[in-house]
Structure formats: structure tokens, C-alpha cells
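Peer 1: how would this look folded up:
(one chain, ligands or ions: 2)
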Amino acid sequence: MKSSILVTGGAGYIGSHTAVSLAKAGFRVVLLDNFSNSDFQAVQGVRSLINAEVPFYEVDCRDTDGLFDVFRIEKEKGHVIKGVIHFAALKSVGESVENPELYKDNNILGTERLLEVMRAFDVENLVFSSSCTVYGEPEVVPVDENAPFLEAESPYGFTKQACERLIVNHLTRNPKFNAVILRYFNPIGAHPSAVIGESPRGVPNNLIPYLCQSVAGIRGALHVFGTDYPTPDGSCIRDYLHVMDLAEAHVAALEFLFKDKLRDKDTGWRAYNLGTGKGASVLEVIQAFEKVTGLEVPYSIAERREGDVVAIWANASRAKDELGWQTKRSLEEALNDSWRWQKKRPDSQ
Ligand code: NAD
Ligand code: UD1
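Peer 2: Numbers count the residues shown, from 1 in each chain. Ligands and ions are numbered 1, 2, ... in the order given. Here you go, the predicted structure:
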């Protein structure tokens, strides 16, 4: 078995799928979460898919002592943690506008404390969950990693920019430290087994969970937020990638770190866009869902949503060239997997 990897936010949507891919690649995974946006079912799901011991710690990343205990206990068990994938964060753009202090505290302080504890245990490898939101409304699309950080569209976006800067600063003081920053575009879909998937609490903010719940009859019609944008059909454009492709990117990033590839680059850190390289509009997503499932999506055209970026999709060629990663699954496959998961969820009708 390869090294032990701590997955913060491991009960969450992307963390749980990544844990499964890591285990498949031979890593030993240790999960940590405070269940602020998830529950124990996801941990059970991961355990059943991995079919092996998966330690879980209910700890908040802002709790230095709690974090310290995780690294210590694992070490005492003979499993020195060699790397961390840091997913744990709050991610609702709307909630961050209402409560920016909570987002700063949870996301920035959580990252700061984690970095301190990693230093105390000489853990040198970090993969960080960032977002395309760091680019703000980009001037050029597809956007590549050299695009500047424009003004964040939300306090959530600000926390991602701030955490990236924190990590780079941490590196200047800790020369042995290495970090890969992954800037995700829009992950959708679920594990094909439908044992794990996306389980947002309350009314979903994101397009695909809302769409699925709408088709399942749990919510009213989907509101398409604006069809008067300067795009071919007037609705916003995003780069939707399958969460299993995204999970596999984390395996590629860790392998890259463990092969010491960053040292050749002389900076100790590198950022990668993770997307398909293709944009799809909200109306195109609805059409693709209807085609692949044969079901009708009830929807109506609504006002624009505040803070929405008009159009963004990735230039992901750096990840292909340097990590050897690219997406393999189609939009249709992702939508089909989202729907399969929705049908199996306890709250589905
Ligand atoms: P998620 O909410 O499903 O998972 C995040 C997990 O972190 C949750 O289980 C939550 O309970 C936990 N958590 C939050 N704060 C914590 C804390 N202080 N201590 C311990 N656990 C904590 O979200 P996700 O979609 O899996 O996102 C994972 C990461 O990817 C986040 O950092 C998010 O900002 C980033 N990201 C997500 C998207 C997306 O569209 N899903 C896009 C870009 C970036
Ligand atoms: C946003 C953030 C992203 C963050 C993610 C997690 C931006 C650019 N991106 O993604 O960084 O990590 O949230 O929460 O801020 N839509 C509808 N009706 C709905 C829901 C969404 O029409 O009910 C539309 C939106 O207007 C958007 C698209 O669907 O055009 C995707 O929205 P969503 O799934 O919320 O993701 P982003 O806003 O792109």
C-alpha cells in the first residue's frame, strides 16, 4: 500500500469520490469532516466502496488540537500521514454574501490551522481545492492559469483567492513544502454505483442538484437564471465535468507531488485548471438531461442571479501536459449518473 493521505472534507461531495479513487490507486485514506454540510452516510458509502479500513475523524479544521490528534493518532498506529488533500470549506456563494465573516473564519482560518499542524508533523505535500471563481469574470475564455485574479465575485471567491495566497506564503517560509492547487470548474455527476453522490442540505443552490430534485418532484420548476446574457442562447455558460474525472485528477496530482516533480519547477507550487475545455449553457444542459433520461425538465425563465459570471470554461491543457490528466466522461454520462443517484437518495420520491 502507498502512503496515508488525509482527506479533509472527506464526507463531502468531491472528497468522498476522491477517497474512493485514491484507494483504488493504492493510497490509504484517512477522512476528516465536521459534518457542517454532510453526514455519516457518506463515510459509510466510502467504506463500502473501498471495502477496507477507512479511519474517520469528526474534527473541525479550525480546531488545532483536534487536527494535532489526527496526525498523532495515525502516527502512533504506524501510519505517518504523508500528504493532505484539503477540501474542507463552505461553498455556497449566496450564503457567503449573507455571512462573509463565517466564510472567512471557516475557509481561511481552517486552512491556516491545517498548514500549521502539517508543519508541526513535517507533512510536505498538499493538494488544495480551489475554484475557477478565483478568476472573477475573465476577460478571455477559455481561461488559463496565467489569467489574473480579478476582483472576487463573492466572499466565497475571496476566500479561495486568500487561501491560494496563504499557501504560497507558507511555501516561502517552508522550503520543503510542496503544493498543487487545483482550480475546479463545475463538477457534476456521481459515482456510477450510486452509493455516493452530491447531498446538499436544504434547497440546492447548484444547477444539477436543483434540476434533479425538480424532475423528481421534490422542488418546483427549475428557474433558469437569465436568458438575456450575451451568449448564443442567452443563458450562462459553464464547464461541467464528471466528479469521477475530478476525483482522478487528485490522484494524478498526488502522484506528481510524490514523484518530486514540483522541485524541477523551482517554485514548490503549481496551479491547474480542471475542466473539460468545453462550455455548455444552462439551456443546453437541460436539453442534454432530457435526451439522456427521456424525462422532461420543468423549468421557467427567471431573473439573472446576482454575482453570476456570464461565461467561463477552462483551458485545461496544463493539467494534460504536466499531470497527464484529462476528462474521459461526457456531459451526458455525468447527467445520467446524477439522475441515477437522485433516484436512490432517501429524500427522492
Ligand atoms: P461539500 O460541502 O460537499 O464538501 C465539503 C466538506 O467539508 C463538507 O462535508 C463539510 O461538512 C466539510 N467542512 C466544511 N468546513 C469544515 C471545517 N471547518 N472542518 C471540517 N470539515 C469542514 O463541497 P464539495 O463540493 O465537495 O467541495 C469541496 C471543495 O471543493 C471545497 O473546498 C469547495 O470550495 C471546492 N469547490 C467546489 C466546487 C463545486 O462546485 N462543488 C467548485 C469549485 C471548488
Ligand atoms: C459557483 C461558483 C463556484 C463554486 C460553486 C460551488 C462562480 C463562477 N462559480 O458555481 O466557484 O465553487 O458555485 O457552489 O461563482 N443556475 C440556474 N438555476 C439554478 C441554479 C443555477 O439557472 O437553480 C445556473 C447559474 O446561473 C449558472 C449555472 O446554472 O449559470 C451553474 O450554477 P451553479 O451550479 O450554481 O454553479 P456556479 O455558479 O457556476
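Peer 1: Next, count neighbours for residue 28.
Peer 2: By the measure other Cβ atoms under 10 Å, the count of residues near residue 28 is 20. In short, each C-beta sits where N, CA and C put it, glycine included.
Peer 1: Now do the contacts for it.
Peer 2: When contacts are counted by Cβ atoms under 8 Å, 6 or more residues apart in numbering, residue 28 touches 1, 2, 3, 4, 5, 79.
Peer 1: And the pLDDT for the residue nearest to the last one when sequence neighbours are not counted?
Peer 2: Read that as residue 79. Spatial nearest neighbour of residue 79, chain neighbours left out: residue 4 (4.3 Å); criterion: Cβ to Cβ, 6 or more residues apart in numbering. Confidence at residue 4, expressed as pLDDT, is 97.
Peer 1: List the contacts of residue 4.
Peer 2: Residues in contact with residue 4, defined by Cβ under 8 Å, 6+ apart, are 27, 28, 29, 30, 74, 79, 80, 81, 82.
Peer 1: so which strand or helix has the third one?
Peer 2: Taking DSSP states H and E as the criterion, the element that holds residue 29 is strand 28-33.
Peer 1: Could you give me the buried positions within the helix or strand following that strand?
Peer 2: Counting by DSSP H and E, the next helix or strand C-terminal to strand 28-33 is helix 40-50. Buried residues in helix 40-50, counted by 16 or more other Cβ atoms under 10 Å: 42, 43, 45, 46, 47, 49, 50.
Peer 1: Same check on stretch 182-195?
Peer 2: By 16+ other Cβ under 10 Å, the buried positions in stretch 182-195 come out as 182, 183, 184, 185, 186, 187, 188, 189, 190, 191, 194, 195.
Peer 1: Quick check, the last one in contact with residue 43.
Peer 2: If I follow you right, that is residue 195. No. Look at residue 195 against residue 43 with Cβ atoms under 8 Å: they stay out of range, at 11.8 Å.
Peer 1: just for this protein, where's the confidence low?
Peer 2: 1, 263-265, 346-349 (pLDDT under 70).
Peer 1: Now do the same contact list for the residue lying farthest from the centre of it.
Peer 2: Relative to the average C-alpha location in the chain, and by Cα atoms, centre = their mean, no residue lies farther out than residue 76, which sits at 30.4 Å. By Cβ under 8 Å, 6+ apart, no residues touch residue 76.
Peer 1: what do you get for the one 5 residues further on?
Peer 2: Under the criterion of Cβ under 8 Å, 6+ apart, the contact list for residue 81 reads 3, 4, 5, 6, 30, 70, 71, 74, 75, 121, 123.
Peer 1: Sort out which one of those residues lies nearest residue 232 for me.
Peer 2: residue 5 (42.1 Å; Cβ to Cβ).
Peer 1: Just checking: what are the partner strands of whatever helix or strand the closest one lives in?
Peer 2: Using DSSP H and E, residue 5 sits in strand 4-8. In the sheet, strand 4-8 lines up against strand 28-33 (parallel), strand 81-86 (parallel) (DSSP bridges).
Peer 1: JSON lines for those strands, including distance to ligand 1?
Peer 2: Formatted as JSON lines, those follow (distance: least, Cβ to the nearest ligand atom, whole Å):
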{"stretch": "strand 28-33", "distance to ligand 1": "5"}
{"stretch": "strand 81-86", "distance to ligand 1": "7"}
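Peer 1: quick one, phi/psi of whatever residue of the stretch 1-150 of the chain ends up closest to ligand 2?
Peer 2: Closest contact between the stretch 1-150 of the chain and ligand 2, by Cβ to the nearest ligand atom, is at residue 133 (3.2 Å). Dihedral angles of residue 133 (phi, psi; degrees, to the nearest 10) stand at phi -60, psi -20.
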